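**Student:** Take this sequence and fold it.
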Amino acid sequence: AASCGRRAALLSLLLLSAPTRPAGASSPASFAQMAQAAFAAFERADYLESERLWRAATEQHPKEGLGWANLAVALIINASDKMTLGVLPTGEPLQRLEGAP
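**Tutor:** Numbering: from 1, shown residues only. Got it, this is the predicted structure:
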């Protein structure tokens, strides 16, 4: 239940920062399309896919802070699924957290 509440709070933060750029702009439109796909994956609770899509967006558009922020959120969610509260992370969860921007 706490996990659902945490995810709902993170989703609301993500939606508040959703891209609003016009689709006609060249490079930003490409980022907006990538962001839209990543948001859709997040809304479906496909956090691994959302992470993959945000990582691709940050690689293609490294100056877009929104991409980095949302990649960090996806990495944290994916790491937290394999962690125990109050126990220092190790292995894959630690690697995900260390990879968060």
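**Student:** pLDDT (mean, whole number) over the helix ranked longest in the chain?
**Tutor:** Ranked by residue count, the top helix of the chain under DSSP state H comes out as helix 26-43. Averaged over helix 26-43, pLDDT sits at 85.
**Student:** Run through the helices of this protein in chain order.
**Tutor:** Taking DSSP H as the criterion, the chain carries its helices at 2-16, 26-43, 47-60, 65-80, 91-99.
**Student:** before we move on, the earlier item: what packs against the longest helix of the chain?
**Tutor:** helix 2-16, helix 47-60, helix 65-80 (3 or more C-beta pairs under 8 Å, 6 or more residues apart in numbering; DSSP states H and E). In this view, the C-beta of every residue, glycine as well, is placed from N, C-alpha and C.
**Student:** which parts of stretch 31-38 are buried?
**Tutor:** Across stretch 31-38, burial judged by 16 or more other C-beta atoms under 10 Å covers 31-32, 34-35, 37-38.
**Student:** Ignore what I typed, I meant stretch 82-95.
**Tutor:** Neighbour-count burial for stretch 82-95 [16+ other C-beta under 10 Å]: 83, 89, 93.
**Student:** Output it as CSV, nothing but the C-alphas.
**Tutor:** The C-alpha trace of stretch 82-95 is given here as CSV (Å, rounded to 0.1, in the frame of the first residue of the first chain):
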residue,chain,number,x,y,z
LYS,A,82,14.3,-5.2,-5.1
MET,A,83,15.3,-3.6,-1.8
THR,A,84,14.3,-4.1,1.8
LEU,A,85,13.5,-1.0,3.9
GLY,A,86,16.2,-0.2,6.4
VAL,A,87,18.8,-2.4,4.7
LEU,A,88,21.6,-0.9,2.6
PRO,A,89,21.2,-1.8,-1.1
THR,A,90,23.6,-4.2,-2.7
GLY,A,91,23.9,-5.8,-6.2
GLU,A,92,21.4,-4.7,-8.9
PRO,A,93,19.5,-2.2,-6.7
LEU,A,94,22.8,-0.5,-5.7
GLN,A,95,23.9,-0.4,-9.4
